[in-house]
Each structure stands twice: as C-alpha cells, then as structure tokens.
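Student: Any chance you could fold what I've pasted below:
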Amino acid sequence: MSKRAKIILLAILIVLILIAGVYLYYTISMQGRMKERNTAIAAAQTQAKLVEVERADKWVWGENSIFWVVMGTMADGKQEYVWLKYNSDGTPAKGNNAVRTLPVEGTVTREQMQDRFAAELPEAKLIRMLPGVYLNQYTWQIFYEQNDTRYYRFYNLKDGSAVGQPSALPKW
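Tutor: Next up is the predicted model:
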C-alpha cells in the first residue's frame, strides 16, 4: 500500500472517529431530556388516558412555570392537551394543579395560529411556537424575529386573542 493510500485511510478513520464522538456526545447530553420527555408522555397517558401522543413540548417561563405539554388522542378519538407541571429540578410537581387538561376541539390550532401570525406580522420570521400557560391562561407562545430584534408574543389558546404585550429580548 502506498504512502498516499495510508494517509487517506488515516484521514477517513479520524473523520469517522470525530463523527462517532459528536454522536456520542449528543446522545449522552440529550439523555436526561429524553428521559424527562418519556416520563411526561407516560404520565399523560396514565393520568389523562391518552392512547396516542402526537407531540410533547417542554415550556418554561421562569422557575415556577415549567410544563410539559402533551397533545394526544383519547380512546374516544377526541384530541386533548395535557399540561404536566414540573419543578425546576426536573421532577413532576404534585398537587391540585399538577395535571391540567383541555380538549383540542374549540381551540385555535397550531396551523390557524401560524396563519394568523403570518397575516398579522408578514415581515416577521417565526422561530418557534409552543403551547403554554401565561398569566394563568392557556396560550400559544410565539418566538419570532423582526427587524433584527427577537420577541415573545402570547395568544390565548381558546380564541386567539393577544395576551399582554410583546416582549422584546435585549440584543447581545
């Protein structure tokens, strides 16, 4: 084998080792979050009787407002949102408001909210949209960028009305 072939094989081996290292790092770093997500999904299936889960999103707005919001289908075919409150250490909260449910029927869907947002602020770039709880209301939290500034804006999940004022993030 020539010297050039050995160098090429060594370079390929180093690249493969780097790719495996990055994958391993990502897997290990996401392990806790995936465990928390799977725990939230299992709790939603047990406590709210969901038989199928469409999506699960973690929503955080301060230390006392951490939720996993699970959207899924019940045995009767109806869709439901399930809010599972969590403590800041990543453990499920206990008590009266630890689990909240809301039927999807009669709420503003993700697609409807995206369309409304695009019509309301056509020049804004939508970054992320999550269901959450803001000012004791079920809301859509929209994170977007407009004119090189990022904002949070909240809309009522039930009727799509604006909740509070947009919050601009400071530029770093």
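
Student: which parts of stretch 91-102 are buried?
Tutor: Residues 92, 98-100, 102 are the ones in stretch 91-102 that count as buried (16 or more other CB atoms under 10 Å). Where you see a C-beta, it was placed from the backbone N, CA and C, and this is true even at glycine.

Student: Mind listing residues that contact that stretch?
Tutor: Residues outside stretch 91-102 that contact it (CB atoms under 8 Å, 6 or more residues apart in numbering) are 39-40, 43, 47-48, 80-87, 133, 138, 157.

Student: Tell me the one of those nearest Trp68?
Tutor: Trp68 has its nearest neighbour among those in Ala40, at 3.5 Å by CB to CB.

Student: Against Lys94, how distant is that closest one?
Tutor: 14 Å (CB to CB, to the nearest Å).

Student: picking up where we left off before, and the buried residues of stretch 91-102 as JSON lines, adding pLDDT?
Tutor: Output for the buried residues of stretch 91-102, formatted as JSON lines (pLDDT from 0 to 100):
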{"residue": "Pro92", "pLDDT": "82"}
{"residue": "Ala98", "pLDDT": "84"}
{"residue": "Val99", "pLDDT": "87"}
{"residue": "Arg100", "pLDDT": "87"}
{"residue": "Leu102", "pLDDT": "89"}
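
Student: Counting only strands, which of the contacts of stretch 91-102 make the cut?
Tutor: Here DSSP state E is the test, and those give 80-86, 133, 138 as lying in strands.

Student: got these as JSON lines, with neighbour count columns?
Tutor: Output for those, formatted as JSON lines (neighbours: other CB atoms under 10 Å):
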{"residue": "Glu80", "neighbour count": "19"}
{"residue": "Tyr81", "neighbour count": "19"}
{"residue": "Val82", "neighbour count": "25"}
{"residue": "Trp83", "neighbour count": "21"}
{"residue": "Leu84", "neighbour count": "23"}
{"residue": "Lys85", "neighbour count": "18"}
{"residue": "Tyr86", "neighbour count": "20"}
{"residue": "Val133", "neighbour count": "21"}
{"residue": "Tyr138", "neighbour count": "18"}
